[in-house]
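Participant: need coordinates for the following:
(one chain, ligands or ions: 1)
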Amino acid sequence: MYLKSIELSGFKSFAKKNAFEFNSSISAIVGPNGSGKSNVAEAFRFVLGEQSIKSMRGKRGEDLIWNGATSEPRSNRASVKVVFDNSQKIFDIDFPEVTIERVVHRDGLNEYLINGSTVRLKDILELLARAHIGASGHHIISQGEADKILNANPKDRKSMVEDALGLKLYQYKRLESERKLSKTFENISQVEALRKEIAPHLKFLKKQVEKIEKTESERQELVTMAKEYFAAEDFYISFNRVAILDERKPVDRALEKLSKESEEAKKVIELESGLSVARKHKDELTREMGKIEGLLIAEEKIIENEKRLIASDEFKTVRLKEVENLLEEVSVMQVITEIIGRLKDFITERKRQTDSKLITESEARIIELKKQIEDIEKSLKKATEKELEIGEAEKAVFRIMSEENGLISELNLLKAREERLNLEEREFKRELEEVGHLVGPEVLRFKSVENKATSREIQEERKRNIQKLKIRLEDSSIAGMEEVTKEYKDTSERDEFLARELLDLDQSAKTLAELIKELETRLSLEFASGLESINKSFEKLFTIMFGGGDASLILVKDSSKRSNPEEDLEGEAEEMEEGLDIKISLPKKKIRGLMMLSGGERALTSIALIFAISQVNPPPFIILDETDAALDESNSKKYGDMIESLSKVSQLLLITHNRETMSRAGVIYGVTMGRAGVSSLL
Ligand code: ATP
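Facilitator: Have a look, this model is predicted:
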């Protein structure tokens, strides 16, 4: 026995708390009309999660709450609590007893509890479905509902059978999966639309980023290349500056030395003017000496002549006689007397001079001249010596000048090199600034690169390559690189996320489709085998009830009850919905269809079918509200037999006025209603 008790409090006519204990496999509730018996069956529907108020004979939730009477004020809430034994684990919950409670408030608010903990309706329905219990299930046959299964259309009948077979859980799962699948397809198209939307932007950003990456790699390449170039250039400039300085030092020293030498030599050369004076003087003296020597010779000749004249009287007489003869010739003339006198004076003087005085003067003169010549020769000798010295000095000056010229041209070369180096350094600094501006300060750390001598050809080659790269970089620079890169990163991450999402969605769509297929297979297999078992029992029970005949449920295709008629217009081939038809034949009677049965026959047929269905997959309990109302005495007995056999598989709660039925019950609850309209138990 699974059903232990039910407690009603403020529910419909049960204004106060009333509890029914079900410790027998068959319990009966009896009482006069309108005492509240059916309210108990509805209390079961209510607590098991029924959402249709109409099926509980109400319009709103508050219709289920005790409405009040003069002696008993109305309740604000109705609650029903049902207790199950779970020692055999009919519920998938780890408690030996399961209490399910539902409360409805006047504002229509519902509360659901499992073992005192608030839960969702869904949790209750799932828990019950596993135990083949449903709110509006087949196991609660309300008053007048006995032939509901006979009156139902094939599709609804099939649904009732599926419910009874415990296939609702699979159907619920299938519906849930289909709903999820359709939601998944919706999501797939949404995600695809989103991806489509961002695709062109992403493509554009990708191109930009590729450009940026290329630029960045070129920038890096330029940094590396420039650092090598600048390191080598820096080395070259420093090295050459030191080299030029080193080379200049000896040249400067040599020039300084030459300058001193030159000064000295020039001082000597300045004496050259004195030398030319000496030379002139020497020439004059030489000429003078020649003249003097001539004079000397002449003087000596005179002296010699004079000496000879003096020594020779004849010569002296002749000459004087000549003068005397001349005087005798001119004496005649008066005028000449004076001349004669003067001549006589001359002759006297001449006679006086022709002595040794003349000779002495000449000789003195000669001595003087000789002395002068000697002095001149001395001066000349000195001048000649000086001339040699000056010559040497002049030679030295020439040598110095030529050496100086050599050194100066060497110095000029060095200066030219220095100047070129200065130019190169300025160029180096300019390039460094330019490249630094283009690629950032990283390049300024070129000293981190190993310094080594590099040929100018290689440097030129590097310079050209740097130039080319610089132009490329300047051309390919993109505004707002960081923003573009970040946007690309964000967008591609979003796209990747969407792609993953799409994969996941595809995968879950696949899984759901497989699950649906699996559930459908299972449903159809279990339904087929369940139907077979139902038909066996139905046939058997029907034969017992009617003492013969045939009865079976037949699977039919029904297109008349389309839930969505538009599908028919769209569908290429009309999809038929499956349903169940009831086929019966009574012994000794020719009847065609259920419509031709009497009320009692209908009741027996439906009871046989309900019992057959219940026996295949027995629910823990069955409630039958006056299903026996239309039975005559003999059929009541048959009904009672069937109840007893059914009670072996399911606990039964019978609401009845039938004494035969009452006699089969282990416990009978009497329900009465006092003047206040309050139901109470006996
Ligand atoms: P029968 O034997 O004729 O089928 P019954 O014993 O099954 O009768 P119920 O149909 O269960 O009787 O009870 C109906 C009674 O419950 C009515 O008298 C009705 O007034 C009362 N009732 C229904 N709803 C409420 C409510 N919300 N508050 C008070 N009484 C209510």
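Participant: secondary structure element for the residue nearest the centre of the chain?
Facilitator: Centroid-nearest residue in the chain, with Cα atoms, centre = their mean: K489, separated by 3.9 Å. Taking DSSP states H and E as the criterion, the element that holds K489 is helix 481-546.
Participant: same for that helix, what does it pack against?
Facilitator: helix 154-164, helix 168-270, strand 550-558, helix 599-616, helix 633-646 (3 or more Cβ pairs under 8 Å, 6 or more residues apart in numbering; DSSP states H and E). Where C-beta positions appear, they are placed from N, C-alpha and C, glycine not excepted.
Participant: follow-up on the earlier one: against the ligand, how distant is the residue nearest to the centre of the chain?
Facilitator: 66 Å (Cβ to the nearest ligand atom, to the nearest Å).
Participant: show me what from the chain comes close to the ligand.
Facilitator: 12-13, 31, 33-39, 63, 65-67, 143, 677 (Cβ under 6 Å from any ligand atom).
Participant: residue of the stretch 551-682 of the chain nearest the ligand, please.
Facilitator: G677 (5.3 Å; Cβ to the nearest ligand atom).
Participant: surely that residue meets A69?
Facilitator: Yes: assessed by Cβ atoms under 8 Å, G677 is found in contact with A69 at 5.0 Å.
Participant: how about A78, secondary structure?
Facilitator: strand (DSSP: H, G, I helix; E, B strand; the rest coil).
Participant: check contacts around it.
Facilitator: A78 makes contact with 8-12, 46, 64-66, 103-104, according to Cβ atoms under 8 Å, 6 or more residues apart in numbering.
Participant: next one: Q88
Facilitator: Contacts of Q88 by Cβ under 8 Å, 6+ apart are Y2.
Participant: cool, and G166?
Facilitator: 129, 132, 617.
Participant: let me know the pLDDT of it.
Facilitator: pLDDT recorded at G166 is 78.
Participant: could you pull up phi and psi at the residue of the stretch 301-450 of the chain found nearest the ligand?
Facilitator: For the stretch 301-450 of the chain and the ligand, the shortest gap (Cβ to the nearest ligand atom) falls at G440, measuring 84.9 Å. G440 adopts backbone torsions of phi 100, psi 170, taken as degrees, to the nearest 10.
Participant: tell me where the stretch 301-450 of the chain has helices.
Facilitator: Along the stretch 301-450 of the chain, counting by DSSP state H, counting those that start in this stretch, helices occupy 313-330, 336-353, 357-439.
Participant: hey, least reliable of the ones you listed by pLDDT?
Facilitator: What stands lowest among the helices of the stretch 301-450 of the chain, in mean pLDDT terms, is helix 313-330, with a mean of 56.
Participant: return the residues in contact with the residue of the stretch 551-682 of the chain closest to the ligand.
Facilitator: G677 sits in contact with 13, 69, where contact means Cβ under 8 Å, 6+ apart.
Participant: pretty sure it is in a helix, no?
Facilitator: No: under the criterion used here (three-state DSSP), G677 is coil, not part of a helix.
Participant: can you tell me the SS state at D94?
Facilitator: Under three-state DSSP, D94 comes out as coil.
Participant: just the closest residue of the stretch 51-200 of the chain to the ligand, please.
Facilitator: For the stretch 51-200 of the chain, Cβ to the nearest ligand atom, closest residue to the ligand: N67, 3.4 Å.
Participant: reduced to three states, what does that residue come out as?
Facilitator: From three-state DSSP, the assignment for N67 is coil.
Participant: so how far is E293 from the nearest residue to it once chain neighbours are set aside?
Facilitator: Distances taken as Cβ to Cβ, 6 or more residues apart in numbering place R74 nearest to N67, at 5.4 Å, with adjacent residues excluded. Using Cβ to Cβ, to the nearest Å, R74 is found at 185 Å from E293.
Participant: M673 now?
Facilitator: M673 is 198 Å from E293, by Cβ to Cβ.
Participant: out of those two, which sits in the busier spot?
Facilitator: M673 (17 against 14; other Cβ atoms under 10 Å).
Participant: surely that one meets L682?
Facilitator: No: the criterion here is Cβ under 8 Å, and M673 misses it with L682 at 11.2 Å.
Participant: now list whatever residues contact both of those two.
Facilitator: Common neighbours of M673 and L682 are listed as G31 (criterion: Cβ under 8 Å, 6+ apart).
Participant: what kind of secondary structure is I297 in?
Facilitator: helix.
Participant: quick one on the thing from earlier: pretty sure the residue nearest to N67 is in a helix, no?
Facilitator: No: R74 sits outside any helix when classified using three-state DSSP, being coil.
Participant: and M1, how many neighbours?
Facilitator: 15.
Participant: with L125 instead?
Facilitator: 20.
Participant: quickly note the distance from the residue nearest to it when sequence neighbours are not counted to V119.
Facilitator: Nearest-residue entry for L125: G49, 5.3 Å, with adjacent residues in sequence omitted and distances by Cβ to Cβ, 6+ apart. Taking Cβ to Cβ as the measure, G49 falls 11 Å from V119.
Participant: neighbour count: these two, which is higher?
Facilitator: G49 (21 against 16).
Participant: what does the pLDDT read for that one?
Facilitator: 89.
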